[in-house]
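Trainee: Need a 3D model of the sequence below.
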Amino acid sequence: MHDPRVTDPGQQLVHRAGIDDAAMDQIVRVMDAVRDWRQAEQRMSEASRKFMKLNETDMRAIRFLIAAKNQGMVATPGALTEHLGISSASTTKLLDRLERGGHIRRAPHATDRRALAISVTEHTHVIARETVGRQHARRFDAAARLSPDEREVVIRFLNDLSATEFGENDARGSD
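Mentor: Okay, here's the model as predicted:
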């Protein structure tokens, strides 16, 4: 429940001065829609991970490898380590796991004989495109249906929501 009239009736956290009931109802609907989106996104992400038998870091690695392939870049263990923000030992374990699962191939790097080139298998690429890729395309279509002004409002709103993790002053852009 996101209605501060119920969860914070004493206005200790949410100050409602100047917000009438109609505006409060609309704000609560916005918060409910954000909650619904988060839950849907979590369900979609979990379903994709279960279908592909991968954890969240594995999925992030696969997305990175697909993006590298699509951009004509050679993905290396070092680039993957940097992208994922994990240790090189963790990257090695991740690559071992993905290789055992038939999701990636390791090959000598074409120009740096000290490095490996990591690529996603065609089978995994197709599965990712048909699951996660299709979901992303539907999300893109939803954003594309907005007018440019609506997109700017959504961008500002989502950025403001993201900034709330740092505290009240940071979310408002002041100290």
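Trainee: Give the next helix or strand downstream of the helix or strand in which residue 61 is found.
Mentor: Using DSSP states H and E, the element containing residue 61 is helix 56-70. Helices and strands here follow DSSP H and E; after helix 56-70, the next one along the chain is helix 77-84.
Trainee: Determine the set of other helices and strands touching that next one.
Mentor: helix 56-70, helix 88-100, strand 116-120 (3 or more CB pairs under 8 Å, 6 or more residues apart in numbering; DSSP states H and E). In short, each C-beta sits where N, CA and C put it, glycine included.
Trainee: worst-scoring helix or strand of the chain, pLDDT-wise?
Mentor: helix 168-171 (a mean of 48; mean pLDDT, DSSP states H and E).
Trainee: Could I get the contacting residues of residue 47?
Mentor: residue 131 (CB atoms under 8 Å, 6 or more residues apart in numbering).
Trainee: Any figure for the gap between it and residue 63?
Mentor: The spacing between residue 47 and residue 63, counted by CB to CB, to the nearest Å, is 16 Å.
Trainee: Out of the helices and strands packed on helix 77-84, which is closest to residue 144?
Mentor: For the helices and strands packed on helix 77-84, distance to residue 144 was read as CB to CB. The smallest value, 19.8 Å, belongs to helix 56-70.
Trainee: What is the closest one packed up against?
Mentor: helix 21-52, helix 77-84, helix 88-100, strand 116-120, helix 122-128.
Trainee: give me that answer again for 10 Å
Mentor: Under the contact criterion of 3 or more CB pairs under 10 Å, 6 or more residues apart in numbering; DSSP states H and E, helix 56-70 touches helix 21-52, helix 77-84, helix 88-100, strand 104-108, strand 116-120, helix 122-128.
Trainee: so can I have CSV of those showing mean pLDDT and distance to residue 136?
Mentor: Shown next, in CSV, are those (pLDDT from 0 to 100; distance: least, CB to CB, whole Å):
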stretch, mean pLDDT, distance to residue 136
helix 21-52, 84, 10
helix 77-84, 95, 18
helix 88-100, 94, 21
strand 104-108, 94, 21
strand 116-120, 94, 16
helix 122-128, 89, 10
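Trainee: winner for burial among the ones you listed?
Mentor: Greatest average neighbour count among these goes to strand 116-120 (a mean of 20), per mean count of other CB atoms under 10 Å.
Trainee: now it against helix 77-84, angle please.
Mentor: Per axes from the mean of the first three to the mean of the last three CA atoms, to 10 degrees, the angle that strand 116-120 makes with helix 77-84 is 60 degrees.
Trainee: and strand 116-120, what does it pack onto?
Mentor: helix 56-70, helix 77-84, helix 88-100, strand 104-108, helix 122-128.
Trainee: One more pass at 6 Å, please.
Mentor: Contacting strand 116-120 under the criterion 3 or more CB pairs under 6 Å, 6 or more residues apart in numbering; DSSP states H and E are the following elements: helix 56-70, strand 104-108.
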